[in-house]
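After the sequence you'll find the predicted model.
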Amino acid sequence: MESFDCLSALQIATGVAHGEFSAEEVARASLEAIDQRDGDVAAFLQVSYELALSAAKETDRRRAMGEPLGMLAGVPVAFKDNMNVVGTKTTCASRMLEQYESVFTATCVTRLLEAGATPVGKTNMDEFAFGSSTESSAFFCTHNPWDVSRVPGGSSGGSAAAVAAGEVTIALGSDTGGSIRQPASFCGVVGFKPTYGVVSRYGVVAFGSSLDQVGPFGRSVEDVALTMDALVQGGRDPLDSTSQEVEASFLAGLHESCAGMRVGVIPQLIEHKGLSEEVRAGMDVACVALQSQGVEIVEVELPNMAAAMAAYYVIGPCEAFSNLARFDGVRYGCLVPGCASLAEQTARSRAKGFGPEAKRRQMLGAYLLASGVYNTYYYPAQQVRTLITDDYRAAFKRCDAILLPSVPTVAWRFGEVVDPTRMYASDLFTISNNIAGNGGICVPIGLGETTGMPMAAQLQGPAFQDHKLLRIARTLECGVASMGCFEPGTVAPAFVHGGDESL
Ligand code: GLN
């Protein structure tokens, strides 16, 4: 009898297809794990027992009738709470949307459901995805399953923690400046931000429309590749004008050798003074792991990377300010009644509904877009964007992917990082990727010497070469495992087999 959290998504889908266990048994095991473990982790804002069981029963019915099953048949998945799912609330972890019931379902969710996945719930996040620790959720903090006194990262912290704690097999998050890759690194799971436009964002509450991208979390690169196949199956989404047609074969070529490929490193980044000693040592492990699989390490440069942070914290808030203008208490959000004028009603409703970080971002955006200020900040930020995109193009002439740290440190303790600008600085290595729009993935490389917390390396690839990027990530994962540093499939030790979830 195997415990549910030991199984990969591929093993679950195959086991369900072959009748080794039913989708309903797997759904009950996942719901049971959530009941047992989420008191400590607090990854979920809502657990959708009925949706989960009815989807699982439908999968079992299809199997019984001999109807075709999808590639994620019976796999329990969680969705970040900025993704609309009919039958759930979509709160974005904000008081503003506390009562908002989804009236339609996001395409990324629909695609996973069409592939037979079992939706078990909606995960906690930083309010409207602003943040790097999930501490700005208006409801409660999520805890890191590796050490519950530490943050899980953010903004998709609930999704990362749910996968790391073995509550679900895969989860979806969104990444505007690192919100999939950073929490994946903190929680010891794989997190992938595909190239901008690969996954539809229709039905996902927007933060920065030129930066946002949806992507999966899993406990192995293989599970992430399988989820990607489900996400792009069906082709481009006509409901998202930025959505592109991509070939749905992430899993097919995944196990091919990457021997002879070249991965670039940027020495100044690995020597960066903000990097903790253990994370720096982890980067050496990542290089050796890749070399052990026949990958050549070459030096490259991204000369304008230092300006990425400044550009992001101009472009991001400007886009957020314009996107979040719709939350005025009339169409969406909490309304403060009895005001003398519309202006007062709007101001008071927004003041009540948004938390401090959401207000800070929007005020910053309003200021930066003001006439007279725009030319000083927004316009140069867009110029920096072009320079960074060109830097990547030049670097990718010399290598197949770039290896970077994911985050300068391991997960910090609650309350340890309170200054917002220090929090912003933790996005140093993830942001340039959103600015340029290409793909990026974080893969666990081991536990820190001093803290014992998970660390990850980040690989970034050229735009629309995500298939190759996943192959290189899988090669890194193999190298790391063969060195005995981290096994794919690992669940945070305190939670492994925590409950009665045997199948
Ligand atoms: N931490 C970054 C921010 O606060 C990124 C957030 C995200 O990717 N949603 O903006």
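Alright, I've got the coordinates.

Please enumerate the strands of this protein.
Ranges of strands within the chain are 44-47, 76-80, 118-123, 170-175, 190-193, 213-218, 262-265, 296-299, 401-405, 440-447, 454-460, based on DSSP state E.

most tightly surrounded among the ones you listed?
Most buried of those, by mean neighbour count (mean count of other C-beta atoms under 10 Å): strand 190-193, with a mean of 33. For glycine as for every other residue, the C-beta is placed from the backbone atoms N, C-alpha and C.

what's in contact with that strand?
Strand 190-193 is contacted from outside by 156, 160, 173, 175, 180-185, 213, 215-221, 223-224, 228, 433-434, 439-444, 470, 473, 477, 488, using C-beta atoms under 8 Å, 6 or more residues apart in numbering.

And the strands of the chain: which comes nearest residue 285?
strand 440-447 (5.3 Å; C-beta to C-beta).

Direction included, what does that closest one pair against?
In the sheet, strand 440-447 lines up against strand 190-193 (antiparallel), strand 454-460 (antiparallel) (DSSP bridges).

of all these, which lies closest to the ligand?
Taking C-beta to the nearest ligand atom, strand 190-193 is the member of those nearest to the ligand, at 8.5 Å.

Give me every residue in the stretch 201-350 of the chain that's in contact range of the ligand.
Neighbours of the ligand within the stretch 201-350 of the chain, by C-beta under 6 Å from any ligand atom: 207, 316.

what about the stretch 201-350 of the chain, any weak spots by pLDDT?
The model of the stretch 201-350 of the chain has no residue with pLDDT under 70.

mind listing the helices for it?
Ranges of helices in the stretch 201-350 of the chain, per DSSP state H, counting those that start in this stretch, are 221-232, 267-270, 277-292, 308-323, 342-353.

Which stretch among those helices is buried most, on average?
helix 221-232 (a mean of 26).

Let me see the confidence value for the residue positioned nearest the centre of the chain.
For the chain, the residue lying nearest the average C-alpha position, counting by C-alpha atoms, centre = their mean, turns out to be residue 180 (2.2 Å). The score at residue 180 is 98. That number is its pLDDT.

hang on, it packs against residue 217?
Yes - if you go by C-beta atoms under 8 Å, residue 180 and residue 217 touch, sitting 6.8 Å apart.

joint contacts of the two?
By C-beta under 8 Å, 6+ apart, residue 180 and residue 217 have these common neighbours: 156, 159, 160, 173, 191, 192.

which of those residues are close to the ligand?
When C-beta under 6 Å from any ligand atom is applied, no member of these is adjacent to the ligand.

So what does the residue lying closest to residue 288 once chain neighbours are set aside have for phi and psi?
Once flanking residues are discounted, residue 288 sits nearest to residue 483: 7.0 Å by C-beta to C-beta, 6 or more residues apart in numbering. Dihedral angles of residue 483 (phi, psi; degrees, to the nearest 10) stand at phi -90, psi 0.

ok, now which ones touch residue 483?
Residues counted as contacts of residue 483 (C-beta under 8 Å, 6+ apart) are 285, 288, 289, 292.

and which of those residues is nearest to residue 112?
Nearest to residue 112 among the contacts of residue 483 is residue 289, at 30.5 Å by C-beta to C-beta.

Would you agree the closest one is in contact with residue 472?
No - Residue 289 is not in contact with residue 472 according to C-beta under 8 Å; the separation is 11.2 Å.

Neighbours of residue 374, how many?
13 (other C-beta atoms under 10 Å).

quick one on the thing from earlier: can you list the contacts of residue 483 in CSV and add distance to residue 322?
Formatted as CSV, those follow (distance: C-beta to C-beta, whole Å):
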residue, distance to residue 322
285, 42
288, 46
289, 43
292, 48
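
sorry, back to before: of the shared contacts of residue 180 and residue 217, which is the nearest to residue 367?
Using C-beta to C-beta, those come closest to residue 367 at residue 156, 27.6 Å.

Tell me who's in contact with the residue lying closest to residue 57 once chain neighbours are set aside.
Counting by C-beta to C-beta, 6+ apart, residue 57 lies nearest to residue 24, which is 5.7 Å off, once chain neighbours are set aside. Neighbouring residues of residue 24 by C-beta under 8 Å, 6+ apart: 53, 56, 57, 60.

let's see 10 Å
16, 52, 53, 54, 55, 56, 57, 58, 59, 60, 74, 118 (C-beta atoms under 10 Å, 6 or more residues apart in numbering).

so who does the fifth one touch?
By C-beta under 10 Å, 6+ apart, the residues touching residue 55 are 23-24, 27, 48, 74, 76-77, 113, 116-120.

Can you add pLDDT and distance to residue 356 and give these back as JSON lines?
What follows is the contacts of residue 55, written out as JSON lines (pLDDT from 0 to 100; distance: C-beta to C-beta, whole Å):
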{"residue": "23", "pLDDT": "98", "distance to residue 356": "42"}
{"residue": "24", "pLDDT": "98", "distance to residue 356": "43"}
{"residue": "27", "pLDDT": "97", "distance to residue 356": "38"}
{"residue": "48", "pLDDT": "97", "distance to residue 356": "30"}
{"residue": "74", "pLDDT": "98", "distance to residue 356": "41"}
{"residue": "76", "pLDDT": "98", "distance to residue 356": "34"}
{"residue": "77", "pLDDT": "98", "distance to residue 356": "31"}
{"residue": "113", "pLDDT": "98", "distance to residue 356": "35"}
{"residue": "116", "pLDDT": "98", "distance to residue 356": "41"}
{"residue": "117", "pLDDT": "98", "distance to residue 356": "35"}
{"residue": "118", "pLDDT": "98", "distance to residue 356": "36"}
{"residue": "119", "pLDDT": "98", "distance to residue 356": "31"}
{"residue": "120", "pLDDT": "98", "distance to residue 356": "31"}
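
For the ligand, state which of those residues is nearest.
Out of those, the member with the shortest distance to the ligand (by C-beta to the nearest ligand atom) is residue 77, at 19.6 Å.

hang on, isn't the closest one packed against residue 30?
Yes - counting by C-beta atoms under 10 Å, residue 30 is a contact partner of residue 77 at 9.2 Å.

which neighbours do those two share?
Common neighbours of residue 77 and residue 30, using C-beta under 10 Å, 6+ apart, are 52, 118, 120, 121, 162, 168, 169.

quick one, what contacts the third one?
Pointing back at residue 120 there. Residues in contact with residue 120 (C-beta under 10 Å, 6+ apart) are 27, 30-31, 33-34, 44, 46-49, 51-53, 55-56, 76-79, 162, 167-169, 171.

6 Å instead?
By C-beta atoms under 6 Å, 6 or more residues apart in numbering, the contact set of residue 120 is 30, 52, 76, 78, 168.

Now mean pLDDT too, for the strands paired with strand 440-447, in TSV please.
Shown next, in TSV, are those (pLDDT from 0 to 100):
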stretch	mean pLDDT
strand 190-193	98
strand 454-460	98
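
Just send those back as TSV, with distance to residue 416 too.
Below are the strands paired with strand 440-447 laid out as TSV (distance: least, C-beta to C-beta, whole Å):
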stretch	distance to residue 416
strand 190-193	22
strand 454-460	17
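
do you know which of those strands lies nearest residue 347?
Per C-beta to C-beta, nearest to residue 347 of the strands paired with strand 440-447: strand 190-193, 35.4 Å.

And that closest one, how far out from the chain middle?
Computed by C-alpha atoms, centre = their mean, to the nearest Å, the chain-centroid distance of strand 190-193 equals 6 Å.
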